[in-house]
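J.: Provided below are the primary sequence and the corresponding predicted coordinates.
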Amino acid sequence: MPELPEVEVSRMGIEPHLNQQTITAVIVRDKRLRWPIPDAIQQLVGQSIQAVRRRAKYLLIDTAAGTAILHLGMSGKLRVVPIGTPAVKHDHVDIELSNGQLLRLNDPRRFGCLLFSNQPEQHELLASLGPEPLTEKFDGKCLYELSRQRKTPIKTFIMDNKIVVGVGNIYANESLFRAGIHPQREAGKISLQRYLKLADNIKEVLAAAIKQGGTTLKDFAQVDGNPGYFAQTLYVYGRGGKPCFQCERALKEVKLGQRTTVYCGHCQR
């Protein structure tokens, strides 16, 4: 599933084509996504796009009439192509624009969503989300304060979207390794100083992944069809049993919260 960097890369890819354009048509070929696409999505027609934003892993297309809330699910992809480009299998939605282009959503597994809201920040999918990790609202101090008395493993803790959004499995593995923190340590037993370092590493890892176009694992590719290159710089994720880049001992791999967790038993404490 695309994580925060991949979604941000997608946002950056489509924004120049969508911003300030008028939506001339919304063509829904198959409304059977994770939730049925509502008929209210047609309220976008005739509206000028005011902004293309991201909140956690959701893309928000703002107009005066309301906001389209889009999630790519496990296999969703966005393309900007000329109006009239023939649709292929799994091309479920086209949003046609006044510049002669359209935004096309392709989703083979149909686990993504396209919803509409007049108050997106109050929508049930967004209302309880924690702070964005690349903003000043997120730092080590807030992590430390929220972690007190928590017995949850630190990896599970930082992947909780109510604590901080967008720290998915890949980036949690990488951030904990760089911070030298064992993924199974209780969140409530980690010091403020270690949380300050962890928060900085989360910011650095996510920013680096965005700069390199995301991480290509299975289905993800950028809007232009090119893969992301952050996978080439992963220290631990997907490297279970291979030598640690720091101490050369074999990396360990376990399941934590039903997610693959790779770490170094020597470098992470």
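T.: Thanks, I have the structure now. Source: prediction; values computed, not measured.
J.: C-alpha from now on. contacts and neighbour counts both.
T.: Will do.
J.: measure residue 72 to residue 170 for me?
T.: 17 Å (Cα to Cα, to the nearest Å).
J.: what about those two, which has more around it?
T.: residue 72 (25 against 21; other Cα atoms under 10 Å).
J.: Does anything pack onto the strand or helix carrying residue 116? Which helices or strands?
T.: Using DSSP states H and E, residue 116 maps to strand 113-117. Counting contacts by 3 or more Cα pairs under 8 Å, 6 or more residues apart in numbering; DSSP states H and E, strand 113-117 packs against strand 67-71.
J.: cutoff 10 Å now
T.: In terms of contacts (3 or more Cα pairs under 10 Å, 6 or more residues apart in numbering; DSSP states H and E), strand 113-117 is packed against strand 58-62, strand 67-71.
J.: Now render the ones you listed as CSV, adding distance to residue 198 and mean pLDDT.
T.: Listed next are the helices and strands packed on strand 113-117 as CSV, based on distance: least, Cα to Cα, whole Å; pLDDT from 0 to 100:
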stretch, distance to residue 198, mean pLDDT
strand 58-62, 24, 98
strand 67-71, 28, 98
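J.: where does this protein have low pLDDT?
T.: 1, 214-232 (pLDDT under 70).
J.: could you pull out the helices for it?
T.: Per DSSP state H, the chain carries helices over the ranges 4-18, 140-147, 154-158, 169-179, 192-211.
J.: Of those helices, which is nearest residue 250?
T.: helix 169-179 (13.7 Å; Cα to Cα).
J.: any idea of the angle that closest one forms with helix 192-211?
T.: 130 degrees (axes from the mean of the first three to the mean of the last three Cα atoms, to 10 degrees).
J.: gap between helix 169-179 and the chain center?
T.: Distance of helix 169-179 from the chain centroid (Cα atoms, centre = their mean, to the nearest Å) equals 15 Å.
J.: List the buried residues of it.
T.: 169, 170, 171, 172, 173, 174, 175, 176, 177, 178, 179 (16 or more other Cα atoms under 10 Å).
J.: try stretch 137-157
T.: In stretch 137-157, counting by 16+ other Cα under 10 Å, buried: 138-140, 142-144, 147, 152-157.
J.: before we move on, back to that, quick one: the helices of the chain as JSON lines, columns for distance to residue 235 too.
T.: Output for those, formatted as JSON lines (distance: least, Cα to Cα, whole Å):
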{"stretch": "helix 4-18", "distance to residue 235": "17"}
{"stretch": "helix 140-147", "distance to residue 235": "22"}
{"stretch": "helix 154-158", "distance to residue 235": "16"}
{"stretch": "helix 169-179", "distance to residue 235": "6"}
{"stretch": "helix 192-211", "distance to residue 235": "11"}
